[in-house]
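# Give me coordinates for this.
(chains A and B)
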Amino acid sequence: MKKFAVSSADRTSEIQLFSNGRITIDGKEKEVEWIALSSTRRVLRVNGRSFDIDVLSVSRGGNVHVLVNGFPLEISVKDERSLLLHQFGFGGSLHQQAGEVKAPMPGLITKVLVKPGDVVQTGQGVIVLEAMKMENELTAPADGTVKAVHVREREAVDKNAILIELE
Amino acid sequence: MNTNIQSILIANRGEIAVRVIRTCRELGIRTVAVYSEADKAALFTRMADEAYFIGPPPSSRSYLRRETIIETALKTACDAIHPGYGFLSENPEFAEDVQQAGLVFIGPPAQAIRDMGDKTKARELMIAHGVPTIPGTEHAIETLEEGLATAEEIGFPVLIKAAAGGGGKGMRVIHTGEEFEAGMTASRNEARSAFGDERVYIEKYIDHPRHIEIQILADTHGNVIHLGERECSIQRRHQKVIEESPSAIVDEEMRRRMGEAARNAARACGYINAGTVEFLVDRERKFYFLEMNTRLQVEHPVTELVYQIDLVREQIRIAEGKNLNLSQDQIVRHGHAIECRLSAEDVRNSFLPSVGRLQRFRPPVGTLVRLDTGVEEGDEITLHYDPMFGKLIVLGKDRKDAIEKMRYALRDFRIAGVETTIPFCRFVMEHPAFISGEFDTHFIEDHFSTERLTTPSAEEYEAGFLASALLTSEYQSRLLFSGDNGSQAGRSAMRSGWKRRCR
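Take a look at the predicted model:
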């Protein structure tokens, strides 16, 4: 028997896979059919209802990225061993850094609207990034003071480049 | 002057290049594609009979290189060039160069492009030919001072637009005198970077208008017909997102009056070929000339479906000097068509462009569901070109039926690798204001918030959870991805106990 703790966004469930093929989710048994159309396309039939599963990635760390009927879901899957590791603090966690403004896509900085020391409020425009011929104003994710500005006007930036740090 | 077009060079890329090639195939016309480095394996290059490299990814060094494109057409013995939309389609010098090279430009005469591209000239022509226009400036504004004075004279709110532009670039609504300087400066910057011309013009801003346009066709023999309207009010930043035909608010009488105005607009500039006359419609259903698009429009398929006509085919016939097949009183409309533009944009993140490889791309199928696209699974959507990668179009027996069809078609689309506007389109198809037909160009500001996007159901979450546990279990057994797709190793890996049990 394998036991998994699965979670996505604010939902969590416990799933048990028994060697005889039985499956339970949160203790309730499900009639499940698991059909592979290819290594990346599956059909999951639960109590007669079909769900299209597109497997986008399955990682060593227990992160599964699928489309369920076209909806993207990123699901964290922990088995007993990784749950144990997590309890001892080896699991690591991914915190969204609220204090930075990152480039959501590659582009060209056309305007820097703040300088170090400026006080900014949530939602205030701090930088203008031109991409795909449109000017996109990026805003402060939180209230704070500008700690550093890492780019200059007319500078090309890559996706996820840290543009501004707040504190 | 009847010519017979046998070979067409398509001076465009993506879905519109594919669209033009399809019609050419049906007509037995040979097609020549030109492509940039970024598009070397794109669908349109493979569908064309021949394809030639013309330069690096930036359009200024490839799709906008007039001489290279014309030389390629001559070298490959083409008779004509189809410009699609965007790029060189509304460039009068290009239209002239094409003709001077002895080729047919599948589009209007250069002078009509020039006149309609110059907003001031267009406005004068419309006024002279009795087409209703919006109160505003008579000429392009050069300085900030002049702009402010004009805005105050017309009265706020005003709209600033690029004199050279289209497609919403450089457009700003200014509500008060204090906002004016910042707004006009931003408009001029955008206009300069998009068109190399920073002049703007200013007009009265019509609050909460609808955007409704009329498709026209004009031949070289003086015949001009209109093919009804397209409702294009679902827009974001003045860019259309969803279009339909007919409009929920246009009745026969209004259609006749708008159609007549559009035909007059076409006659006013000596228009030939397919064109679109755009109008703003206020709450009293009064309509005002906005601009004329002197090319095939992105949203042309909705008209094609309801009028059962192939507009590209008509464009080619007109360019050959043939008479229009139809007269105005022979035109019949059937049903209701809706188009959703599919763009690689992140709806949950201010519609920012989203680039990447299409890890999945499985379009829906169904009766009267049409997909115009230039991409396939595995293709990359880059920053070099417009984020729109396709258009989903449905034809229903009436508006309600078309909305239902579109809802299911959107629901069945499977895309991964980039974020798309599909969730937004689903939101619109389910919104009471859209369903009732009572909406305007402010639909998004008035109704949209990311919290209202459709999310997976509890059952779908549960299915995702079950699937992820099963996948993790397989992964741990080192069976997943052990062979190629569909290979023997892959197949056996899929035969898990949970499948066997249910057999």
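# Please make it C-alpha for all contacts and neighbour counts, starting now.
Fine.
# most remote residue from chain A's center?
The C-alpha centroid of chain A is most remote from A:Asn20, which lies 33.8 Å away (Cα atoms, centre = their mean).
# what comes up buried for stretch B:57-76?
Neighbour-count burial for stretch B:57-76 flags B:57, B:62-66, B:68-70, B:72-74, B:76 (criterion: 16 or more other Cα atoms under 10 Å in any protein chain shown).
# Closest one of those residues to chain A?
Proximity of the buried residues of stretch B:57-76 to chain A was ranked by Cα to the nearest Cα; the top entry is B:Pro57 with 12.7 Å.
# Could you look up the SS state of the closest one?
Classification of B:Pro57 using DSSP: H, G, I helix; E, B strand; the rest coil returns coil.
# Please list all residues in contact with it.
Neighbour list for B:Pro57: B:Ser36, B:Glu37, B:Ala38, B:Asp39, B:His384 [criterion: Cα atoms under 8 Å, 6 or more residues apart in numbering or on different chains].
# And for B:Asp310?
For B:Asp310, the contact set (Cα under 8 Å, 6+ apart) comprises B:Thr23, B:Glu304.
# cool, A:Glu31 as well?
For A:Glu31, the contacting residues are A:Arg22, A:Ile23, A:Arg45, A:Val46, A:Asn47, A:Gly48, by Cα under 8 Å, 6+ apart.
# Check the spacing between it and A:Lys115 real quick.
According to Cα to Cα, to the nearest Å, A:Glu31 stands 60 Å off from A:Lys115.
# cool, A:Ala9 as well?
35 Å.
# more neighbours, these two?
The residue with more neighbours, out of A:Ala9 and A:Lys115, is A:Lys115; 14 against 9, by other Cα atoms under 10 Å in any protein chain shown.
# Let's verify the more buried one: helix, strand, or coil?
Look at A:Lys115: counting by three-state DSSP, its state is coil.
# Quick check, pLDDT for residue 12.
In the absence of a named chain, chain A is used. pLDDT, A:Thr12: 95.
# Sorry, I should have been clearer: chain B.
On pLDDT, B:Asn12 comes in at 98.
# Straight-line length of stretch B:235-254, end to end?
Taking Cα to Cα, stretch B:235-254 runs 22 Å from one end to the other.
# Nearest residue to A:Arg45 in space, please, no chain neighbours.
Excluding the flanking residues, the one nearest A:Arg45 by Cα to Cα, 6 or more residues apart in numbering or on different chains is A:Glu33, at 4.9 Å.
# host element of that neighbour?
Here A:Glu33, judged by DSSP states H and E, is contained in strand A:32-38.
# Equivalent analysis for B:Glu145, please.
Per DSSP H and E: helix B:144-154 holds B:Glu145.
# And the helix or strand just after that helix, how far out from the chain middle?
As assigned by DSSP H and E, the chain's next helix or strand after helix B:144-154 is strand B:158-162. The chain centroid and the centroid of strand B:158-162 are separated by 22 Å under Cα atoms, centre = their mean, to the nearest Å.
# now do stretch B:217-233
Averaged C-alpha coordinates place stretch B:217-233 at 17 Å from its chain's average position (Cα atoms, centre = their mean).
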